[in-house]
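S.K.: Generate a structure from the sequence data that follows.
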Amino acid sequence: MTKDNFITFSLVGLFFVFMGQVTLGAAFSGNYLFIIFPLLFLLKDQKIKVLPGDIKIVFYIYCLIFFIAWLLQYSYWHLSMRKLISFILFMSMFSYALININERMIAAFKIAIVAFTLYLSLSNLNELRSFDLATLGYAAKNQVGNQRFGFLYIIGFWLVFFFQSQSLLMRLAKIPLLLIIFLGLLLTFSRASIVGLIISGLVFLIVLFGPMIKLTTRNLGIFLLYGIGIGIVVAFSGIYEYLALPFEYFGERLFAFRFSDGSSNFDLTNPGSSEGYRIFLMKSILEYVLSSPLFGSGFLGIWIILDDGIGSAHGQYNDVLFRTGFIGLALYLYVLQRLGSYLYKADIGLFIGFIGVLAFGLFHETFKVSHGAFILAFLIGMWATELRRKAI
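M.R.: Presented below is the predicted three-dimensional model:
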């Protein structure tokens, strides 16, 4: 193995670890080890890069929000340490903007995402095989499904889809890889995962007829062959047995207006339902932020207003709004928009996957959780590197 290959595989392994969860006893905890990666550069080069352009301004404004909120919200002074930790974790999205991201790192990053989603998919499939599917039924959602990783499947799917290679073997390998990742996404039993994939697929169709992808007879033929190939694999591999249950689940829980017993599928007025509880949380968040519109809770989580002192905002943008107020959310959306514009030009696979993550974030936290924070930090690092290159 050459030195270059060794470095690439080492990076893949490191990034793979960054996306995993840390087990503490019987519980899972966030894994923020990815923050050490820029520190390694600091130890090696004894210097870090300056935040470029708008990234620097947004960074300073978030710091200002934190310090003003800490000073004025004296009722939370006893939570100063938790507020500081929450602030540091939130600001970790700028950590990779302090270093230059090179092509080798980007390649390793993409490989690590695909490898991790394949690992999750095969693990969930293996677990599902140990049960009697007819007996398990929709209980598989709690037994097998893990919606925390739903958005990673979306990114992994599009990275494989847009992978280019001169090798016929590598191109053919995309068929089982896409199928395995898609099956893993289904086994999350998360409606947000399906919605994210559908919305990113619709954006892909828009891009397909745009200037980024040249629509030719050859390309249409390739898409058709991939479709036929996936159909053959499904038909003759026996994997359709494991597709039936999630398809039935999503058919009833996502695409039907009523359950089989006649009850409403989307009960928005009932706080005990999934949709109703999200509406309740959104109202609670708005009521709180309207009383503190400039800096929200000062980076504390929504648990400070919930009766049992635990819980999440059930939405990435809800969470940012609660923690940082209207100004903080506006800045966050601005960063995501600029980042999306950069990815559209730089890497179409990451761009389409990024769109899927943004859609997923309407219903669940994405960049708040540790593996999502790593994804966002790396993408911002890519964007910052490009801004510095253009400034030269």
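S.K.: So which helix or strand of the protein has the lowest pLDDT on average?
M.R.: In the chain, no helix or strand scores lower on mean pLDDT, DSSP states H and E than strand 27-29, which sits at a mean of 50.
S.K.: how about whichever helix or strand comes after that one: buried residues?
M.R.: Going down the chain from strand 27-29, the next helix or strand is helix 36-45, by DSSP states H and E. Across helix 36-45, burial judged by 16 or more other CB atoms under 10 Å covers 37-38, 41. C-beta coordinates here come from the backbone N, C-alpha and C atoms, glycine included.
S.K.: Tabulate the residues you listed (JSON lines), appending pLDDT and distance to Phe162.
M.R.: Below are the buried residues of helix 36-45 laid out as JSON lines (pLDDT from 0 to 100; distance: CB to CB, whole Å):
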{"residue": "Phe37", "pLDDT": "89", "distance to Phe162": "25"}
{"residue": "Pro38", "pLDDT": "87", "distance to Phe162": "28"}
{"residue": "Phe41", "pLDDT": "77", "distance to Phe162": "29"}
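S.K.: Would you mind giving the residues you listed as TSV with distance to Ile327 added?
M.R.: Putting those into TSV (distance: CB to CB, whole Å) gives the following:
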residue	distance to Ile327
Phe37	30
Pro38	27
Phe41	31
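S.K.: What is the nearest of those to Leu79?
M.R.: Within those, proximity to Leu79 (CB to CB) peaks at Pro38, which comes in at 27.8 Å.
S.K.: Would you mind confirming that that closest one is in contact with Tyr96?
M.R.: Yes: at 6.1 Å, Pro38 counts as touching Tyr96 under the criterion of CB atoms under 8 Å.
S.K.: what's the closest of the buried residues of helix 36-45 to Ala192?
M.R.: Phe37 (28.6 Å).
S.K.: From Val17, how far off is the closest one?
M.R.: 11 Å (CB to CB, to the nearest Å).
S.K.: Over to Ser193?
M.R.: On the measure of CB to CB, Ser193 and Val17 end up 23 Å apart.
S.K.: before we move on, which element is the nearest residue to Gly184 once chain neighbours are set aside in?
M.R.: Among residues not flanking Gly184 along the chain, Ser121 sits closest, at 2.7 Å (CB to CB, 6 or more residues apart in numbering). Taking DSSP H and E as the definition, Ser121 sits inside helix 103-129.
S.K.: what does stretch 304-315 contact?
M.R.: Stretch 304-315 is touched from outside by 76, 79, 277-278, 281-282, 284-285, 288, 297, 301-303, 319, 322, 361-365, 368, with contacts defined as CB atoms under 8 Å, 6 or more residues apart in numbering.
S.K.: Tell me which of the residues you listed fall in helices.
M.R.: In helices, defined here by DSSP state H, the members of those are 277-278, 281-282, 284-285, 288, 319, 322.
S.K.: follow-up on the earlier one: buried set for the helix holding Ser121?
M.R.: Those would be 105-106, 108-118, 120-121, 124-125, 128, for helix 103-129 by 16+ other CB under 10 Å.
S.K.: So which elements touch that helix?
M.R.: Counting contacts by 3 or more CB pairs under 8 Å, 6 or more residues apart in numbering; DSSP states H and E, helix 103-129 packs against helix 3-18, helix 150-161, helix 168-186, helix 240-253, helix 370-391.
S.K.: Swap in 7 Å and give it another go.
M.R.: Helix 103-129 sits against helix 3-18, helix 150-161, helix 168-186, with contacts defined as 3 or more CB pairs under 7 Å, 6 or more residues apart in numbering; DSSP states H and E.
S.K.: Run the angle between that helix and helix 36-45 for me.
M.R.: Put simply, helix 103-129 runs at 150 degrees to helix 36-45, going by axes from the mean of the first three to the mean of the last three CA atoms, to 10 degrees.
S.K.: Check the residue nearest the centre of the chain and give its pLDDT.
M.R.: Centroid check for the chain by CA atoms, centre = their mean gives Phe151 as the closest residue, at 4.1 Å. pLDDT recorded at Phe151 is 94.
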